[in-house]
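Undergrad: Have a look at this prediction, sequence included:
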Amino acid sequence: MPTYEYDCTDCGAFTAVRPMAEFRDPHPCPKCTTPSPRVTLTVPALHGMFTAPSSAGKTLRMQSCCGGGCSCS
């Protein structure tokens, strides 16, 4: 599920993990429960090296964009 950022007029910004079907709906502030509008969609940065075990027990090294192996470069 994506993480959305909301802005409470009294308490300030906060984030909440919600289903995409509810992205337009206000979310209650965790401090004061005031329904707050969504500001932006926050997505994690996926860059650098990732490792994953292979079925043979060896560690596979994978690079994400733009470390090569994709069509964006």
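TA: Nice, I can see it. Numbers count the residues shown, from 1 in each chain.
Undergrad: Can you give the domain ranges for the protein?
TA: Residue ranges for the domains of the chain, per automatic domain parsing: 3-42, 46-73.
Undergrad: Compare those domains and say which comes out lowest on pLDDT.
TA: Lowest mean pLDDT of those: domain 46-73, a mean of 53.
Undergrad: which residues in this protein form strands?
TA: Applying DSSP state E to the chain gives strands spanning 3-8, 12-17, 27-28, 35-36, 38-42, 49-53, 59-63.
Undergrad: Output the contacting helices and strands for the third one.
TA: Judged by 3 or more Cβ pairs under 8 Å, 6 or more residues apart in numbering; DSSP states H and E, strand 27-28 is in contact with strand 35-36. Every residue, glycine included, has its C-beta placed from N, CA and C.
Undergrad: Neighbouring strands - and their directions - for the strand it packs on?
TA: Strand 35-36 pairs in its sheet with strand 27-28 (antiparallel), by DSSP bridges.
Undergrad: So what touches the strand it pairs with?
TA: Strand 27-28 has contacts (Cβ atoms under 8 Å, 6 or more residues apart in numbering) with 4, 6, 16, 18, 34-36, 38.
Undergrad: how about a markdown table for those residues, with distance to Arg24 and neighbour count added?
TA: Shown next, in a markdown table, are the contacts of strand 27-28 (distance: Cβ to Cβ, whole Å; neighbours: other Cβ atoms under 10 Å):
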| residue | distance to Arg24 | neighbour count |
| --- | --- | --- |
| Tyr4 | 10 | 20 |
| Tyr6 | 12 | 23 |
| Ala16 | 13 | 17 |
| Arg18 | 10 | 16 |
| Thr34 | 17 | 14 |
| Pro35 | 12 | 11 |
| Ser36 | 13 | 23 |
| Arg38 | 7 | 17 |
